[in-house]
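> the amino acid sequence is not available; the structure is as follows:
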């Protein structure tokens with residue numbers, strides 16, 4: 001997946017998660033139908049969050065956001081992003097150091 005596509009997927013996931021948060025649908029007792037929240041069940045954000053059990057079904061057609069799982073996924077993404085930035089910076093520093101200087 002290209003960087004642009006990853007950004008689009010992350011935005012779509014955030015849109016779904018924020019809809020549940022705004023509605024207070026963050027527990028099985030407070031679960032809501034996606035239609036009530038103005039989100040569809042066929043988008044990439046929905047599919048990825050339900051596949052990872054971040055959006056969970058509490059009953060027929062009623063779902064909620066598992067906030068600890070959502071926060072854990074975001075934390076892992078942040079750590080991976082920082083690790084990638086560190087690798088790129090180290091590579092740039094290495095090539096600058098190894099480049100002959102007149």
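Done, it's in. Given the structure is predicted, the values throughout are model-derived calculations rather than measurements.
> okay, CA-based contacts and neighbour counts for the rest of this
Noted.
> just give me how far whichever helix in the chain runs longest sits from the chain centre.
For the chain, the helix with the greatest residue count under DSSP state H is helix 67-98. Relative to the chain's own centre, helix 67-98 is displaced by 16 Å; criterion: CA atoms, centre = their mean, to the nearest Å.
> tell me the buried residues in that helix?
Judged by neighbour count using 16 or more other CA atoms under 10 Å, the buried positions of helix 67-98 are 67, 70.
> now do it, average pLDDT.
Averaged across helix 67-98, pLDDT comes to 90.
> what packs against that helix?
Helices and strands in packing contact with helix 67-98 are not found; criterion 3 or more CA pairs under 8 Å, 6 or more residues apart in numbering; DSSP states H and E.
> isn't residue 28 up against residue 58?
Yes: in this structure residue 28 lies within contact range of residue 58 using CA atoms under 8 Å: 5.1 Å.
> for the two, list the residues in contact with both.
The contact sets of residue 28 and residue 58 overlap at residue 64 (CA atoms under 8 Å, 6 or more residues apart in numbering).
> for residue 69, which non-adjacent residue is closest in space?
Among residues not flanking residue 69 along the chain, residue 54 sits closest, at 5.5 Å (CA to CA, 6 or more residues apart in numbering).
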